[in-house]
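Chemist: Predicted model follows, preceded by the sequence.
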Amino acid sequence: MTEQNLMVIDNTTGEVSTFEETQEIVVGSDAVIKMMQEGRLPLHVQKLQEMQGLTAAEKEQLYSLYETPAIPFDSILNTVVAIVGVIIHEHLPYKGKDGLFHTGYFNPLFLILVNGEYQIVRSASAGNTMHAMNMIALREADGQQGWYLWDEPVKYKAAKGPDGSHRFVNAERVKLPKRAAKV
């Protein structure tokens, strides 16, 4: 039997080194277990637990709704949809198709209403991630529910920017305050 050395790639620096027995390696679902041992949950799960006024069963229903297969953003391009909620989903560490382990990422999941049925739209756009964070923060600043399910739906048009990025453009024209009109 030949001896094999396990190689470790640092995803941040790209540095390759030989695995030492003293190193801790966290792989795939082990990363989830490690997070739980440290008392940390993914951001979207933390926010769900913090929601007031919902039973455990209602929270589970909301979570399950956001775990349904997402429809492609391009399938709703140039249409106006009613967004009824949003989360910033924390995708945990994973092994990619390239065979390497990756640290994970964040992306927005938009809950929309299409023909009376809830659908999830996933977006990899950095602009839509920032927009989702802003949607959540503004609602919370007004004392409303920002995560998961909004008090009132808002109509947005699904569009693509000149660079091909996904964007939601507010389709409901709001009246600006007079101080904004003096520019």
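Modeler: Arrived safely.

Chemist: contacts, neighbours, all on C-alpha from now
Modeler: OK.

Chemist: Give me the residues contacting the strand ranked longest in the chain.
Modeler: When the chain is parsed with DSSP state E, its longest strand is strand 80-91. Here strand 80-91 makes contact (Cα atoms under 8 Å, 6 or more residues apart in numbering) with 42-44, 104-114, 129, 132-133, 136, 146-158, 171.

Chemist: contacting residues for the closest residue in space to Gln144 that isn't next to it in sequence?
Modeler: In this structure, Gln144 finds its nearest non-sequential neighbour in Asp151, 6.8 Å apart by Cα to Cα, 6 or more residues apart in numbering. With contacts defined as Cα under 8 Å, 6+ apart, the neighbours of Asp151 are 84, 144-145.

Chemist: and of these, the nearest to Gln119?
Modeler: Val84 (10.0 Å; Cα to Cα).

Chemist: contacting residues for the nearest residue to the closest one once chain neighbours are set aside?
Modeler: If the residues on either side of it in the chain are set aside, Val84 comes closest to Pro153, at 4.4 Å by Cα to Cα, 6+ apart. By Cα under 8 Å, 6+ apart, Pro153 lies in contact with 82-85.

Chemist: okay, the angle between the biggest helix by length in the chain and strand 80-91?
Modeler: Longest among the helix segments of the chain by residue count, using DSSP state H, is helix 126-141. Here the directions of helix 126-141 and strand 80-91 differ by 100 degrees (axes from the mean of the first three to the mean of the last three Cα atoms, to 10 degrees).

Chemist: still on that earlier bit, pull up the gap between the residue nearest to Gln144 and Arg139, please.
Modeler: Using Cα to Cα, to the nearest Å, Asp151 is found at 9 Å from Arg139.

Chemist: joint contacts of these two?
Modeler: Taking Cα under 8 Å, 6+ apart as the criterion, Asp151 and Arg139 both touch Gln145.
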